[in-house]
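Colleague: No sequence on hand, only this structure:
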């Protein structure tokens, strides 16, 4: 609920276009799509929200199909 207030769908639609992410992100993964991941990170910074919050909001809106963000961060930290 808070994410919906912090990041309205209209703001996300505009940011997705502005950052060249199209209408939908198929896979959010630094490993498999570094360019889109970097653009996603730029978008989160622009919207002044965390990457995790933005990823969850995109999933909720059906704009993100596969989110490997948390899994990759855990692997970097050595958490299973």
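Modeller: Received it, and whenever you're ready, just let me know what you need. All of these numbers come straight from a predicted model, not from anything done at the bench.

Colleague: Just the element for the residue most central in space within the chain, please.
Modeller: The chain has residue 55 as the residue nearest its centroid, 3.7 Å off, counting by Cα atoms, centre = their mean. Assigned by DSSP states H and E, residue 55 belongs to helix 51-60.

Colleague: where along this structure do the helices fall?
Modeller: Taking DSSP state H to define them, one finds helices in the chain at 2-6, 9-18, 34-47, 51-60, 69-77.

Colleague: Throw those into TSV and include distance to residue 26, thanks.
Modeller: All C-beta atoms are positioned from the backbone trio N, CA, C, and that covers glycine. Formatted as TSV, the helices of the chain follow (distance: least, Cβ to Cβ, whole Å):
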stretch	distance to residue 26
helix 2-6	21
helix 9-18	13
helix 34-47	9
helix 51-60	11
helix 69-77	14
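
Colleague: Let's have the ones you listed in JSON lines, adding distance to residue 25 and mean pLDDT.
Modeller: Putting the helices of the chain into JSON lines (distance: least, Cβ to Cβ, whole Å; pLDDT from 0 to 100) gives the following:
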{"stretch": "helix 2-6", "distance to residue 25": "16", "mean pLDDT": "66"}
{"stretch": "helix 9-18", "distance to residue 25": "8", "mean pLDDT": "96"}
{"stretch": "helix 34-47", "distance to residue 25": "6", "mean pLDDT": "95"}
{"stretch": "helix 51-60", "distance to residue 25": "7", "mean pLDDT": "93"}
{"stretch": "helix 69-77", "distance to residue 25": "11", "mean pLDDT": "64"}
